[in-house]
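Asker: fold the following for me, if possible:
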Amino acid sequence: MHCVNLTDDELLQEIAVNTDAVSDLLCRRAELEAEIRRTTDPASLTAMMSSYMVVVHKFESDYRSCMAELRRRYPA
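Answerer: Have a look, this model is predicted:
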């Protein structure tokens with residue numbers, strides 16, 4: 001994500017969308033954990049957790065990037 005090219009409003013909107021997505025992921029984590037408990041195949045278990053962590057990391061990275069850009073524009 002190139003937060004430098006976004007307007008302030010777009011940055012704030014991106015942060016809000018990102019926050020909502022992470023909240024949804026956290027809610028779905030309980031579903032994922034239930035699915036993991038039903039799965040006895042270690043490879044499937046590893047793949048599910050790995051996929052989940054990749055998505056969480058992407059949102060965290062995007063969030064940090066947007067927040068860093070806001071901090072750069074408006075230092076405290």
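
Asker: so where's the protein uncertain?
Answerer: Along the chain, segments meeting pLDDT under 70 span 1, 40.

Asker: now with 90?
Answerer: 1-4, 22-23, 25-53, 56, 76 (pLDDT under 90).

Asker: show me the helices in it, by range?
Answerer: In order along the chain, the chain carries the following helices (DSSP state H): 8-38, 42-73.

Asker: between those, which gets nearest to His2?
Answerer: helix 42-73 (8.5 Å; CB to CB). C-beta coordinates here come from the backbone N, C-alpha and C atoms, glycine included.

Asker: by contact count, what packs against the closest one?
Answerer: Under the contact criterion of 3 or more CB pairs under 8 Å, 6 or more residues apart in numbering; DSSP states H and E, helix 42-73 touches helix 8-38.

Asker: pull out the buried positions in stretch 24-37.
Answerer: Buried positions in stretch 24-37, judged by neighbour count with 16 or more other CB atoms under 10 Å: none.

Asker: CA atoms only for it - export them in CSV, please.
Answerer: Only the C-alpha atoms of stretch 24-37 are listed here, as CSV (Å, rounded to 0.1, in the frame of the first residue of the first chain):
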residue,chain,number,x,y,z
ASP,A,24,-13.8,-9.3,11.8
LEU,A,25,-10.7,-11.5,11.7
LEU,A,26,-10.6,-11.6,15.5
CYS,A,27,-14.2,-12.6,15.6
ARG,A,28,-13.6,-15.3,13.0
ARG,A,29,-10.6,-16.6,15.0
ALA,A,30,-13.0,-18.4,17.4
GLU,A,31,-14.5,-20.1,14.3
LEU,A,32,-11.1,-21.0,13.1
GLU,A,33,-10.1,-22.4,16.5
ALA,A,34,-13.3,-24.6,16.5
GLU,A,35,-12.4,-25.8,13.0
ILE,A,36,-8.8,-26.6,14.2
ARG,A,37,-10.2,-28.6,17.1
